[in-house]
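Peer 1: Sequence first, then the predicted structure, then my questions.
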Amino acid sequence: MNRGPTARWGVVATAILGAWFLLAGWSGPAEGKLRVVTTTSDLKAIAEAVGGDRVTVDSLLRGYQNPHDLEVRPSYMLKVQRADIFIRIGLDHDPWADPIVEGSRNRNIFRGAPGHVDVSQGIPLLEVPTGKIDRSQGDIHSFGNTHYWLDPENAKTIARTIATGFQRVSPQDAAVFSANLQRFQGEVERVTTRLQQEAERLRGVKVVTYHSSWPYFAQRFGLRVVNFVEPKPGVPASPAHIEALIRQMREEKVRLLIMEPFFSDRVPRLVAKETGAQLLILPPSVGGVKGVNTYIELLEYDVRRIIEALR
Amino acid sequence: MATMLAVWLLVLLLPIVGRAQPAPGPIEGLRQELERLRQQAEESRRSYEDQLRRLQRRIEELEQAERRRTDEAARAAAPPPPAPVPPPALPGIRVGGAPLLFDISFTGDFVGNVGNDSRSEQRNRFFPRELDLALQGAVDPYMRADVFLELKEESKGEEKIELDEGYATILSLPFGLQARLGKFRPKFGRLNTFHNHDLPQTDRPNVLKNLFGEDGLSEKGGALSAILPLPFFSEVEVATLTGDNPESFGRGSIRTPLLIGHLKSFFEIGENSAFQIGLSGGHGPNVQNRRTTLQGLDLTYKWKPLDRPGESLILQAELLRSRREVEGDRLERYGGYFLTQYQLSRRWYAGFRYDWSQLPTERGSREQAFSPLVTFALSPFSQFRLQYKLTERLTERTFDRDVSELFFQFTLRLGRERPELF
């Protein structure tokens, strides 16, 4: 039978559309596990602890990346397109997650959907701004400091929120998630108590940090953060600020300067050299340095590095 | 201590001694002596009681100080009292006590232009190119809206307000589709979706200005897009638009719409680099009620080490072909650009762009331009840019003298920081 060009195009178009609908409906190998995507590596570590062998977890951010500086790549949309659960720090820590989630076209993880888990719920926040908030205060977090996962007490709350999200989406595994949650919370409790005893001599020790990433950690382990290399959040240090910081550190005999691995160490090294303080590059996130692959390992690494630095 | 015991012994023995019948002379002396001893004992007792009270007060003070120290240590070790978790998304404007649940931001883009381009109406001027008010947020659980209103000075002293974009996005349709409806910048090439203040240079590349005008292609209509089910990211968008753009189309009718299609694929090269390729096509009626067909290829490579935010490199190129039917003729024009931008530190960027383009309506004419530039970002919310541009134009009639322009650009932003898109 001799078909005309219109009929031929019709067949081709039907074949393409048929293949398209089939592939679009295909969701990949399920293996009975929840597909979880988190914004940060810390949430990935906690989700893995709570989910155990019932979940596969991927993180958008690597532990050595600045969470405030993520470039939205189209490939991230592909990553979350088939996710059952999307877990985020929330507040204004990861606003870049919104175009990724919306671009993914995955309605299961949109805001308000059962698969969208914001772990900032129930967290007592520090540095909550009062009064007028504007950019004269730098790239300020308008809800309060968002680096709350660095307090182990908050990590227990985060784990509970994640477990609730898992149970909501996969109620048949609720008992497993509940048992894993208790195990994780117990381990965090034990390790924190031990680390607090080891860090008893840190209580009241003055430190300077690059960015305000450490208030929750400092509060838990007794450090006193007296100033920052950044004069205001997200604003690079000016010569006048560096000079004032050096003077303050000398006067107050600050012996330790902590910076995150993803900032330039040019100014911190200068300040450390001028003041005699020790510069300590400390990861605020799991995966920030090699060998730190779990939340417990992050806590132990950070506390022990500070103790060693002040020895 | 021994003295005290002796004194107390005498005091106790005194009544017994008093009951005896002593001789009057020595007894009187003894009584006086006893009285003296009693007074001494009384004074000693008072003195010891005072000392005891002082010691007790001191002990209490020390105990209170110790309690304070213990309480402070306990407070430091204990978790802080739960603070109220703030309500979500406060954009700063309240209506009837409730926060408006969408984002508001304002971008000001000011450009100074010194040069000898006789075709430019804004030559030797400093003017607000765009004052852009953006309203963005969720309409309901299924849809979001993005509205960009612009106040701009188009020519000397003439300012006008226009809708640059205003559209709704239906976030999730069956089969993974997504739709846009309203006035928007269709995905055509790489830079068309960028507003002027978001461009990596002060001005739009010559080929895009020649084909779409100073502000690029922004049209009314609808678009449907989907992520293709492939192992790498690949997205296709098809748009049906009214085609008001006067440079290439301009018919402005929904009965004979402008059709735009765009396919882009994105590949990660390790963690620090990525490459994107895009193919674009457009077909619609022009002002002479004949057809204009556009084809485009865009390539972007970006290197941005994840652990070093202060460094990045962009290499980008677009090639375009325009076939425009006019009365009794068909004009075929080509053009393209190549740009690079290197981020030297958190604040400093250096870049260069090369333009080559045939002019759309003038036969045998072409131009090329060289544009070095430097950008200083004071913060994520304000930046200054200096760009030099040397343009060489060759027309059929004459070889234009070179056009030199120096641009100074100042951009500021009020509101939330926009996520950086690849």
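Peer 2: Here it is on my side, so go on. Residues are numbered from 1 along each chain as shown, chains lettered A, B, ... in the order given.
Peer 1: Write out the residues of the stretch 201-311 of chain A neighbouring chain B.
Peer 2: A:203, A:219-220, A:222, A:234-236, A:261-264 (CB under 8 Å from any CB of the partner chain). Using the backbone N, CA and C atoms, a C-beta is placed for each residue, glycine as well.
Peer 1: Among the residues you listed, the buried ones, what's the PyMOL command?
Peer 2: Applying 16 or more other CB atoms under 10 Å in any protein chain shown to those, the buried members can be selected in PyMOL as follows:
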select buried, chain A and resi 219+220+222+234+235+236+261+262+263+264
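Peer 1: Among the residues of the stretch 201-311 of chain A next to chain B, which lie within helices?
Peer 2: Members of those lying in helices (criterion: DSSP state H): A:219-220.
Peer 1: Could you work out the most separated pair of the residues of the stretch 201-311 of chain A next to chain B?
Peer 2: A:203 and A:236 (32.0 Å; CB to CB).
Peer 1: Could you list the buried residues of stretch A:93-106?
Peer 2: Within stretch A:93-106, the residues scored as buried using 16+ other CB under 10 Å are A:93-98, A:100-106.
Peer 1: Let me have the residues you listed in JSON lines, extended by distance to residue A:133.
Peer 2: Formatted as JSON lines, the buried residues of stretch A:93-106 follow (distance: CB to CB, whole Å):
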{"residue": "A:93", "distance to residue A:133": "16"}
{"residue": "A:94", "distance to residue A:133": "19"}
{"residue": "A:95", "distance to residue A:133": "16"}
{"residue": "A:96", "distance to residue A:133": "21"}
{"residue": "A:97", "distance to residue A:133": "22"}
{"residue": "A:98", "distance to residue A:133": "20"}
{"residue": "A:100", "distance to residue A:133": "26"}
{"residue": "A:101", "distance to residue A:133": "26"}
{"residue": "A:102", "distance to residue A:133": "26"}
{"residue": "A:103", "distance to residue A:133": "29"}
{"residue": "A:104", "distance to residue A:133": "31"}
{"residue": "A:105", "distance to residue A:133": "34"}
{"residue": "A:106", "distance to residue A:133": "33"}
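Peer 1: so is residue B:235 in a helix, a strand, or just coil?
Peer 2: strand (DSSP: H, G, I helix; E, B strand; the rest coil).
Peer 1: pLDDT below threshold where in the chain?
Peer 2: In the absence of a named chain, this looks at chain A. Applying pLDDT under 70 to chain A flags residues A:1-31.
Peer 1: That was the other one, I meant chain B.
Peer 2: Ranges of chain B meeting pLDDT under 70: B:1-26, B:63-64, B:66-100, B:396-401.
Peer 1: Assign residue B:167 to one of the three secondary structure states.
Peer 2: Applying three-state DSSP: residue B:167 is strand.
Peer 1: shouldn't it be in contact with residue B:183?
Peer 2: Yes - the pair residue B:167 / residue B:183 is scored as a contact, 6.1 Å apart, by CB atoms under 8 Å.
Peer 1: How many residues are close by the residue of the stretch 151-300 of chain A found nearest chain B?
Peer 2: Nearest to chain B, among the residues of the stretch 151-300 of chain A, is residue A:153, at 4.8 Å (CB to the nearest CB). Using other CB atoms under 10 Å in any protein chain shown, residue A:153 has 19 other residues around it.
Peer 1: Please, which helix or strand holds it?
Peer 2: Using DSSP states H and E, residue A:153 maps to helix A:152-169.
Peer 1: Residue B:377 now?
Peer 2: Using DSSP H and E, residue B:377 sits in strand B:366-379.
Peer 1: so residue B:421 bridges to which residues?
Peer 2: residue A:72 (DSSP bridges).
Peer 1: okay, now it: neighbour count?
Peer 2: Counted with other CB under 10 Å, residues neighbouring residue B:421 total 14.
Peer 1: right, is stretch B:383-398 up against chain A?
Peer 2: No - figure legend: stretch B:383-398 not in contact with chain A (CB under 8 Å from any CB); closest approach 13.5 Å.
Peer 1: got a list of what the residue nearest to residue A:278 when sequence neighbours are not counted touches?
Peer 2: Nearest residue to residue A:278 in three dimensions, chain neighbours excluded: residue A:309, at 5.0 Å (CB to CB, 6 or more residues apart in numbering or on different chains). Residues in contact with residue A:309 (CB atoms under 8 Å, 6 or more residues apart in numbering or on different chains) are A:256, A:278, A:280.
Peer 1: can I get those in JSON lines with secondary structure, neighbour count and distance to residue B:390?
Peer 2: Below are the contacts of residue A:309 laid out as JSON lines (DSSP: H, G, I helix; E, B strand; the rest coil; neighbours: other CB atoms under 10 Å in any protein chain shown; distance: CB to CB, whole Å):
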{"residue": "A:256", "secondary structure": "strand", "neighbour count": "21", "distance to residue B:390": "53"}
{"residue": "A:278", "secondary structure": "strand", "neighbour count": "16", "distance to residue B:390": "52"}
{"residue": "A:280", "secondary structure": "strand", "neighbour count": "19", "distance to residue B:390": "50"}
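Peer 1: Excluding chain neighbours, give the residue nearest to the residue nearest the centre of chain A in space.
Peer 2: In chain A, the residue lying closest to the centroid (CA atoms, centre = their mean) is residue A:40, at 3.6 Å. Nearest residue to residue A:40, sequence neighbours excluded (CB to CB, 6+ apart): residue A:61, at 5.0 Å.
Peer 1: Tally up the residues packed near the one you found, please.
Peer 2: With other CB under 10 Å as criterion, residue A:61 counts 25.
Peer 1: picking up where we left off before, near chain B, which of the buried residues of stretch A:93-106 show up?
Peer 2: Among these, proximity to chain B is found for A:95-96, A:98, A:102-106 (CB under 8 Å from any CB).
Peer 1: Next step: these restricted to helices.
Peer 2: Those of those lying in helices (DSSP H): A:98, A:102-104.
Peer 1: so what's the closest residue to chain A within the stretch 301-422 of chain B up against?
Peer 2: Residue nearest to chain A within the stretch 301-422 of chain B: residue B:419 (3.8 Å; CB to the nearest CB). Neighbouring residues of residue B:419 by CB under 8 Å, 6+ apart: A:70, A:72, A:95-96, A:98-99.
Peer 1: Return the closest of those with respect to residue A:214.
Peer 2: residue A:70 (20.4 Å).
Peer 1: Break chain A down into its domains, please.
Peer 2: Split into domains by automatic domain parsing, chain A comes to A:34-194, A:200-309.
Peer 1: just checking, which of those domains sits deepest inside the structure?
Peer 2: Ranked by mean neighbour count, the domains of chain A are led by domain A:34-194 with a mean of 20 (mean count of other CB atoms under 10 Å in any protein chain shown).
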